[in-house]
Every structure is written in C-alpha cells, then in structure tokens.
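Engineer: sequence and predicted structure, then a few things I'm wondering about:
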Number of protein chains: 2
Amino acid sequence: MSNASAPELNLLKARMKELSGLQAAAALMYWDQATYLPEGAAEARGEHLATLEKFAHQLSTAPEVGQWLESLSRQNLDEKSNDHFLVKIAREDFDRNSRLPAEFRAEQASHASRSYEAWKKAREANDFSIVSDHMKKTLDLSRKMAEYLREPHHKSMIDPLIEISDKGFNEANLRVLFGELRSRLLPLLEKISAAAPFDDACLREHFPEDKQLAFGENALKKIGYEFSRGRQDKTAHPFMIRFAHSDVRITTRVRENYFGEAFFSTIHEGGHALYELGIDPSLDGTPLAQGASTAVHESQSRLWENLVGRSLPFWEYFYPQLQSTFPNQLGKVSLAKFHKAINRVERSLIRTDADEVTYNLHVMIRFDLECDLLEGRLKIEDLPEAWNERYRSDLGLLPSKLSEGVLQDVHWFHGGIGGYFQGYTIGNVMSGQIYATALKAMPDLEDQFRRGDFATLREWLRTNLHQYGRKFDGPELMKKITGRELAAEDYLRYLETKYSKLLTLA
Amino acid sequence: MSNASAPELNLLKARMKELSGLQAAAALMYWDQATYLPEGAAEARGEHLATLEKFAHQLSTAPEVGQWLESLSRQNLDEKSNDHFLVKIAREDFDRNSRLPAEFRAEQASHASRSYEAWKKAREANDFSIVSDHMKKTLDLSRKMAEYLREPHHKSMIDPLIEISDKGFNEANLRVLFGELRSRLLPLLEKISAAAPFDDACLREHFPEDKQLAFGENALKKIGYEFSRGRQDKTAHPFMIRFAHSDVRITTRVRENYFGEAFFSTIHEGGHALYELGIDPSLDGTPLAQGASTAVHESQSRLWENLVGRSLPFWEYFYPQLQSTFPNQLGKVSLAKFHKAINRVERSLIRTDADEVTYNLHVMIRFDLECDLLEGRLKIEDLPEAWNERYRSDLGLLPSKLSEGVLQDVHWFHGGIGGYFQGYTIGNVMSGQIYATALKAMPDLEDQFRRGDFATLREWLRTNLHQYGRKFDGPELMKKITGRELAAEDYLRYLETKYSKLLTLA
C-alpha cells in the first residue's frame, strides 16, 4: 500500500460521491414514476432522467477518471481494503461505461419512459400493436448495447448483456444449468400433478387491503426491515429501490381476493431490502454500495420469500396471528391446509404468480426468446405467437389476453431485451445452496423461526453476504459463503424434499 | 433579428434545458422530503441535494454562459420573441448568480439546515437562546448577500433582497403602499370588531379527513386543476411545486376538527398551480417557465382562495354539495351563516391563520423588523421583545409562547432575513386589482360561479397573465393586465365592500 495513492484516491472518492448523488436523484425519479407520477408527466420525466443520466455518464467516463484509475491500478493497495475493491469495481464500471456513448444512453433512457407508457396502454387495450414499434426499437438498442460491450470471450449476442448483471455467466453455461434443472423439475412437476391438487380456496376469500398491508408490514418488521430507513408503497409491479444506506424502499401490490399476492411480494421485496440495508454503511456513496448481481439479489429475495416464507416453521409462528387478523376467512383452516395452499403447484400463465416448481420454466421461456430475438432468429411481430407456442408446449396453457402473455412482465418495456431474466433462476439456485449452508451452520434455525426469531439468520446473511455489497461477484460469493462452486443440487434437493413431505401431508 | 445569434442561442437553450432537468430532480427530492421520506434518511437526502445544487450552480455560472449571453445581448433579437425574453432573464440570473461565490452559497445552505434544526428545538423548548446565535449568523449572511447584490439604485439594505423575488419594489415604495393599506385596514378592523363576531362554530365540528380531501379535490377539478398533470399529497406545511409543465403538484394539511384548514389551503395552492399549469408550454425547460415573482404568484393563490373561494357566489354553487357531504355537521347551517363563518375577522397571533383584514398587518410587522435588523437598528437579542411589542401595539395581543410569536414562521430560520414576506402583501394588493379588472371585462363572472363555471376566469387569467411565465416582472404585468400601475385602491375597496355586506347579513 502506497501513500502516493492518496490524491487520486480522494479525487476518485469525491467523484463517486457526486455520482451517487446523481444516481439517487435518478432513482427517486424512477420510484416516483412507478408510484405517484401524474399520467401526463411521463414525457417530461423521461427528458429529465435523460439529462441526469447524461451528467452521470459524463462524470463517470471523464478522462480524468481513467487517469486516476490507471494510476491507482499501478499502486499496491491492500487487497483486503475497501479502497482496493473500490478501484477494481470503479475500473470495471469505467471501462464498460466508456464503451457506451452518451447519446446512446440518453436515447435508451428517454425511450424507456415512452415504451413503459405504451406498455401500460397496450396491456389495457390488449393490443400488441401499441408497443410493437417501441419494442423493435428496444431490440435495436439492446443489440447495439451488446455490440458496444462485446469482447472476445463473448460467444452469443446475449453474453455481454448477461455479464452486466451476472458476471461469470453466459448463454453456454446457463444452458447447462437450465438443462439440469429441467431434467429434475419436469419429473417433480409430473409427480405433483399426478396427485390431488393442493386446495388453495382458503387464500381466495375476501382479504381487505388495509389488513393485508398491516399484516405484511408487521412481518417485514419481524424479519428485520426497518421503516425508519424505508417505506412500502403500492405499484403495478412490485420492486425494491435504494437511494442510500438510510433509504431503501419497497413496493407491493394487493389483490383483495387472493392472500398470496401482497404478502409474498412484500416478503420477496423485503428480502431484497434486507440485503441493501445490510451493506456496510461505510461503502455508501461508492459503487460498492449495491448488491453483487441480479442473481445474488434474487437469492436473497427468494430465500426470504420461499425457503423461509413458505416454510412450515415460519407459519408455525405467524399463522395464529394471521388467523386472528382474518378470523372469518382462516379461523377454521388448519395450519397444514394453509401450508399446502401457499405451496400449491400448478402450471400457470403468470411468472410472478408461479410456484417454486414451475417458476424456472417461465424464466427459461423468456431466456430462449431473448436469445432468439437478439440472434435475429425471431422477429418482434412474431413474438406474441412464439410466446404462446412456448407456453402451449412447456406448460400446456394458452394466454387469453396479452397481459397474461407476452405483455405480463415490465422488463422488455422499461429496460432492454436480454441479460436480466436469467438472474431469477440463478438466484433460486443460489438461494438453495446458501440456505443449505446456513442450516448446516445453525441447525436450530427453524426452531428459531417457530419462536418468531429471524435475527440469527438475518445477521448470518449480513455477516457472510450482505455487508460486502459489490466487492465480490456472484461466483466468488458462492465460493466464499458455501465453500463450493454454484450447483443445482442443493436447490433441487430442497424442492424434492419439501414436496415429498407436502404430498404425504393429510 | 440576426441569424448570427443561432449558435449561441442553441447552446444557451441546451444549457437551460439541462439546468431545468437538474432543478426538476432537486425539486422532486424536496417534494419527497416533505411527503414520504423515511425519518432516518434526511442526512443522505441533504448530501444528495447539495450535490445537485452544486452542479446546477456550476452549469449556470460557467464562463461560457457569460460569453453566450454577452454575444446574444449585442444582437437585435425581436423584442416580442421568446428568445429575446430568454436572453434577458437568463442574463439577469447569470449576473446575480455570478455575484454570489460558490463558497458563500454552500455556507448559506449548510447554515440553513443547522439553523432549521435549532429552530425546531427552540420552538419545542420555548427558548430563544437556542436559535439566537444561528440567527445572528443568518443576519450576517443576509447582509453579506445584500452587499454582494447591491447596485447604485438600491437605497436600503433590504432592497437587493426584495429585488430577488419582487423586482420593481423597494423599501421606499413599499412603505408608501403599506402606509396606505394601514390607514384604511385599521378603521375597517375597528368597525368589524365593534360588531358581534362572526360565529364559526359550524366549521369546528368533526369533518372526517377522507371526505374533506375528496371534497377539496372535486373543487380543484372544478376550478380547472388537472390531475393528469398534478396531484395532491399531505404535508406539515402545504406548498405548490413544479417539475414540468405536465407535473405541477400541491400539498395540503387536514384538521378534522376545523373545516377551514384543508379546503382553503387546497384552493390557495390550487391557485398557485393554475398559474404554473397555464404557462406557455413552449417555455418549458427555460428559466421563463415559472411565475413572475413571489408577489404575482401570491396574487393568484389569494385570488382563488379569497376573492373567489370565500365569496358568496362560489358557495352558492358549492354549499349544497358541502351540505350533502357533511349533512350532520352543516345540514342545518344556512349559507349566510356559513359564509360569515369562513370570513370571520379576528385579531390573532398566527399569520397563516389570519383573515383577509388582519393578514397584512402581520406582514408589515415582519417587514419592519427585517428592515430594522438589516440596518442595524435592532439587535437579534432584542428581537423577541420587539416582536411582542409590535403585536401588543398593532393587534393588542401578546404571544404566550415563542411558537406563537417570533418563532412562528420558518422563513428567518431556513432562508434569510429580508426579501420574502413583502410578497404576500403585494400579492394581496395585486389580486384585488386583477380581479377588479376581470370583473369589469366580464361582468357576469359571478353568475358563472353560481353555476359552477370557473373556466372563463381561469382562461382570462391564462391569457392575460399565466401564459407569460417570467417574461415580465410584477409591475410590468400589472400594467399589461390592468392598464394601470399597482395601487391599493381596488383591493381596499373589495375588502370594504365585502365586509359592509357581511356586517349587514342576518
């Protein structure tokens, strides 16, 4: 470690802090757009966002940043220090951002706002033609982005896009992982489908919105989400967003005729939020103060939503409270019946409503379609039919309207095509391996849940994962936390064991 | 008009557009801070805002901006063109901003947040000593600001500060205006006080919040506020804020035990919003896309709140609806009784609760104290006593605690001393003169109100005032709209006539 690094290091840190101010402003603009923006204001919002992103891009790619990083990379910073990681990650970002021209990014941003508004209209009108031109442009921009970022080790169009959010993964190794999952999920699905379906009528009573929200917020507090550093609002599509270590917000959506919607979305986004809230606060104002990758983030949301939130021990604690919140709806429903209901498996049309067994099949469909679109094997105008065809062949179902079909997810209409969906499935697989490790380290964990104590798990995750922010990538973190490379085994065994038990439950 | 202007003009416009993006982001951060920010997030928000404001200052005072303006000022732009006004106003802003050093503005900003926190504590503890050192520094900074901005035509310390928000006004001409108001408001107040006080018990029943908000939002729509280009949220202190032509939001606060709070605050902020919503959309993204001055803005909020919103014709339309919204509270209260209740006059301690007759007396007290402080005739340590003395002599009342006295308004503790309060009274006077002109032009206006039609007035205001944004200053606008210089006569005659009628009402 050399003292000579000080001037450039301080300049770099000051610049990163400025950038995080601009990014927080842009994030607030997104949050507001999803929660409270007047309908007529989308275009102006898009322009303002484009301005902010242009500044952020200028500041992050200015030549002096390259010089500071160049000089700092030649110095021997202590490899365990935050400064070392700051320089490493800042350099990766600098190299990537420098390859994307400012005008291109501004175009992406303003297109995203317009496309998002069109998506909402198209869903409402059940009319793909309202978004199809927007989507063509989105595909065009996504391809351009892949070209800008393409490096020799990338084999497919989608590879540079995957690398943005999930370093260490690519089309080839994902096809292997997805193949392995498919080869055991399909038989599991067959086995479950052969038995009597789990009856979830008890979740489909009338559950008033205010009580659902209050129950969800209470559970959030119990698992450790701090409302002094966040809040929950309602949006069409739930998400988590970070403005600062002291401000990590989530959103949810409520269906009064189905208990399974708001609660599990709340716990899911709460899991994302616990990750961000657990990042070492001294990393705030640097690019290290965020999750390691899409997949690692999803491992945390799915761990809390599914491995914890749909487990029997979790509900042994919460179910009596839920019954007294909804005595007419659930007073006479046994815990076993409720537990089966929230774990009902069913071939279905909507990814976000999918159970743990079929969820990854939805992801694989999107991933394959993205590869086909990016490689030019599929045209946007043929996408709705291709979508329907895959749902027919993989899940035996046909959407009756576009909002249950190709227009169900926001991703292709507010971001880009390619590089995001895979993270959901990698995250699921990670969640299984992380949770298995946690159970081995703390064999009484589920007894703690039965007593309403989630602090041990949360602190274990904070210590072993959350605190690091973006210092390590997904594969590095899996090695660090679990001592092994990522593999599907733990996750698949978790599912197979869970459903064997559920199938034998009365 | 010369074509040679094009390159600098385009550069200037591009810069102004960038600036308006940054300002919209900062405005959203303020709005969020007042509405939804988690309690723990204030410090991070402050840092992010400071970053944005630093960028805005850099961009607006960069040397190239001065060069563009210099060059554009030498060209003969068509004096009726938006470009002419853009250059004129941009130049005024540039000159002013360039005279305030960046360190001075940073000091002002950081002092403002410390002083604001101290103010909250001092109110709570009823202890002026907690803020007095902060206030000395505020006075010091306000004087420094006046020095930085002082020009030969300024006679008093307060003059350059007044000029920031209300160009065309100064201590000397305001003393004349205020003297004239005083000479007729005091006798009017005497006359009203000699009669039986208007009973407002009917406003002090229990009015459930949701119904109050719904009634207010319905009235907002009726006067022409478009929820597709705005929204209303709740805050501790109501305000209007503009992010873009398509996004002008207001806030309100509700007291369930007093109908007069939320409704008139809603109409007041709605009046501000109609002004901003009526600005020519082609001015968006330039410094012309805002109200002309504090006073002109206030003329619009007070016109809708008081001259329209507390008038009999307005309630001839709305009162039956209000009665059916609150049948138990108002079903048996006559329109005449209700109309007197909402126009109750009373010497009181709190400016923001004051009626139309006494309101300006509160403003004059503050204005005189500001002049005395800035000129060194009054010391901060003697301010609380001077405040009390003036309330005793002008209104015959003595505050029982500081939050009803010298600590009641935030202005001196979060902004500066001098240059803001006068706008409230100038705005009142303007509202009288503008409304008298509107009535002369459209003699059936109040019949329209009786039918629930407010479009003619709104469109007349848009055409004659709102559309211009900041192209003209307050005195220029008064000349343009009313054909005369600003004078107190119309406003005073409005008040005298209104209260003569009210006093003779059963």
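Structural biologist: Here it is on my side, so go on. Small disclaimer: the values here were computed from a predicted structure and weren't measured. Residues are numbered from 1 along each chain as shown, chains lettered A, B, ... in the order given.

Engineer: which residues of the stretch 151-300 of chain A fall in helices?
Structural biologist: For the stretch 151-300 of chain A, the helices defined by DSSP state H, counting those that start in this stretch occupy A:158-165, A:171-194, A:209-223, A:260-277, A:294-302.

Engineer: next, the angle from the shortest one to helix A:294-302.
Structural biologist: Read that as helix A:158-165. 60 degrees (axes from the mean of the first three to the mean of the last three CA atoms, to 10 degrees).

Engineer: helix A:158-165 packs against which elements?
Structural biologist: helix A:129-149, helix A:171-194, helix A:359-374 (3 or more CB pairs under 8 Å, 6 or more residues apart in numbering or on different chains; DSSP states H and E). (C-beta placed from N, C-alpha, C; glycine too.)

Engineer: tell me the most buried of the helices of the stretch 151-300 of chain A?
Structural biologist: Comparing the helices of the stretch 151-300 of chain A by mean neighbour count (mean count of other CB atoms under 10 Å in any protein chain shown), helix A:294-302 comes out on top with a mean of 28.

Engineer: could you list the residues in contact with that helix?
Structural biologist: Residues from elsewhere that reach helix A:294-302 (CB atoms under 8 Å, 6 or more residues apart in numbering or on different chains): A:165-166, A:169, A:240, A:268-272, A:274-275, A:291, A:420, A:422-424, A:426-428, A:430-431, A:434, A:461, A:465-466, A:474, A:477.

Engineer: hmm, who's touching the helix or strand harbouring A:A112?
Structural biologist: Element membership for A:A112, per DSSP states H and E: helix A:102-125. The contact list for helix A:102-125 (CB under 8 Å, 6+ apart) reads A:33, A:42-43, A:45-47, A:49-50, A:53-54, A:57-58, A:61, A:128-131, A:134-135, A:137-138, A:141, A:144-145, A:148, A:236, A:402-403, A:407, A:410, A:413-416.

Engineer: also within reach of chain B: list those from those.
Structural biologist: Counting by CB under 8 Å from any CB of the partner chain, A:E43, A:R45, A:E47, A:L49, A:A50, A:K54 from the contacts of helix A:102-125 sit close to chain B.

Engineer: circling back: how about a markdown table for the helices of the stretch 151-300 of chain A, with mean pLDDT and distance to B:A106 added?
Structural biologist: Compiled in a markdown table, the helices of the stretch 151-300 of chain A are given as follows (pLDDT from 0 to 100; distance: least, CB to CB, whole Å):
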| stretch | mean pLDDT | distance to B:A106 |
| --- | --- | --- |
| helix A:158-165 | 97 | 36 |
| helix A:171-194 | 97 | 50 |
| helix A:209-223 | 98 | 38 |
| helix A:260-277 | 97 | 30 |
| helix A:294-302 | 98 | 36 |
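
Engineer: out of those, which comes closest to B:S71?
Structural biologist: helix A:158-165 (43.7 Å; CB to CB).

Engineer: give me the contact list for the closest one.
Structural biologist: If you take CB under 8 Å, 6+ apart as the criterion, helix A:158-165 is touched by A:96, A:142, A:145-146, A:149-151, A:153-154, A:169-171, A:174, A:293-295, A:370-371, A:374, A:416, A:418-420, A:422-423.

Engineer: among those residues, name the buried ones.
Structural biologist: Those of the contacts of helix A:158-165 that meet the buried threshold are A:96, A:142, A:145-146, A:149, A:154, A:169-171, A:174, A:293-295, A:370-371, A:374, A:416, A:418-420, A:422-423, by 16 or more other CB atoms under 10 Å in any protein chain shown.

Engineer: check what pLDDT the closest residue to A:G474 other than its chain neighbours gets.
Structural biologist: Nearest residue to A:G474, sequence neighbours excluded (CB to CB, 6 or more residues apart in numbering or on different chains): A:S293, at 4.5 Å. With respect to pLDDT, A:S293 scores 97.

Engineer: show me how far stretch A:148-157 is from its chain's centre.
Structural biologist: Distance of stretch A:148-157 from the chain centroid (CA atoms, centre = their mean, to the nearest Å) equals 24 Å.

Engineer: likewise for stretch A:367-380?
Structural biologist: On CA atoms, centre = their mean, the centre of stretch A:367-380 falls 22 Å from the chain's centre.

Engineer: do me a favour and average the pLDDT over that stretch.
Structural biologist: If you average the pLDDT over stretch A:367-380, you get 98.

Engineer: same deal with stretch A:334-343?
Structural biologist: The average pLDDT within stretch A:334-343 is 97.

Engineer: mind saving the C-alpha coords of that stretch as CSV?
Structural biologist: Taking C-alpha atoms only, stretch A:334-343 is exported to CSV below (Å, rounded to 0.1, in the frame of the first residue of the first chain):
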residue,chain,number,x,y,z
SER,A,334,-55.7,-25.8,9.8
LEU,A,335,-52.1,-24.8,9.5
ALA,A,336,-51.4,-27.9,7.4
LYS,A,337,-54.1,-26.9,5.0
PHE,A,338,-52.8,-23.3,4.8
HIS,A,339,-49.3,-24.5,4.3
LYS,A,340,-50.3,-26.7,1.4
ALA,A,341,-52.3,-23.9,-0.1
ILE,A,342,-49.4,-21.4,-0.2
ASN,A,343,-47.3,-24.1,-1.8
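
Engineer: what does it contact?
Structural biologist: With CB under 8 Å, 6+ apart as the criterion, stretch A:334-343 contacts A:198-203, A:260, A:264, A:310, A:312, A:315-316, A:319, A:322, A:330, A:333, A:355-356, A:498-499, A:502, A:505-506.

Engineer: cool, and stretch A:40-55?
Structural biologist: A:22, A:25-26, A:29-30, A:32-33, A:37, A:102, A:105-106, A:109-110, A:112-114, A:116-117, B:17-18, B:20-22, B:24-25, B:55, B:226, B:228-229, B:243-247, B:284-285.

Engineer: pull the distance from it to the chain's centre.
Structural biologist: 24 Å.

Engineer: what does stretch A:50-70 give?
Structural biologist: Chain-centre distance of stretch A:50-70: 27 Å, with CA atoms, centre = their mean.

Engineer: okay, how far is it across it, tip to tip?
Structural biologist: In stretch A:50-70, first residue to last residue: 29 Å (CA to CA, to the nearest Å).

Engineer: what distance do you get for A:V333 to A:L203?
Structural biologist: Distance, A:V333 to A:L203, by CB to CB, to the nearest Å: 9 Å.

Engineer: picking up where we left off before, how about the helices and strands packed on helix A:158-165 in JSON lines, adding distance to B:Y391?
Structural biologist: Formatted as JSON lines, the helices and strands packed on helix A:158-165 follow (distance: least, CB to CB, whole Å):
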{"stretch": "helix A:129-149", "distance to B:Y391": "62"}
{"stretch": "helix A:171-194", "distance to B:Y391": "74"}
{"stretch": "helix A:359-374", "distance to B:Y391": "68"}
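
Engineer: which stretches of chain A have low pLDDT?
Structural biologist: By pLDDT under 70, the weakly predicted segments of chain A are A:1-5, A:506.

Engineer: can you tell me the centre-most residue of it?
Structural biologist: For chain A, A:E298 is the residue whose C-alpha lies nearest the centre (CA atoms, centre = their mean; 4.5 Å).

Engineer: out of everything not next to it in sequence, what's closest to that one?
Structural biologist: Nearest to A:E298 is A:G427, by CB to CB, 6+ apart, at 2.5 Å.

Engineer: ok, now A:M157?
Structural biologist: A:L374 (3.9 Å).

Engineer: got the contact list for that neighbour?
Structural biologist: A:L139, A:S142, A:R143, A:A146, A:S156, A:M157, A:I158, A:L161, A:I417, A:G418.
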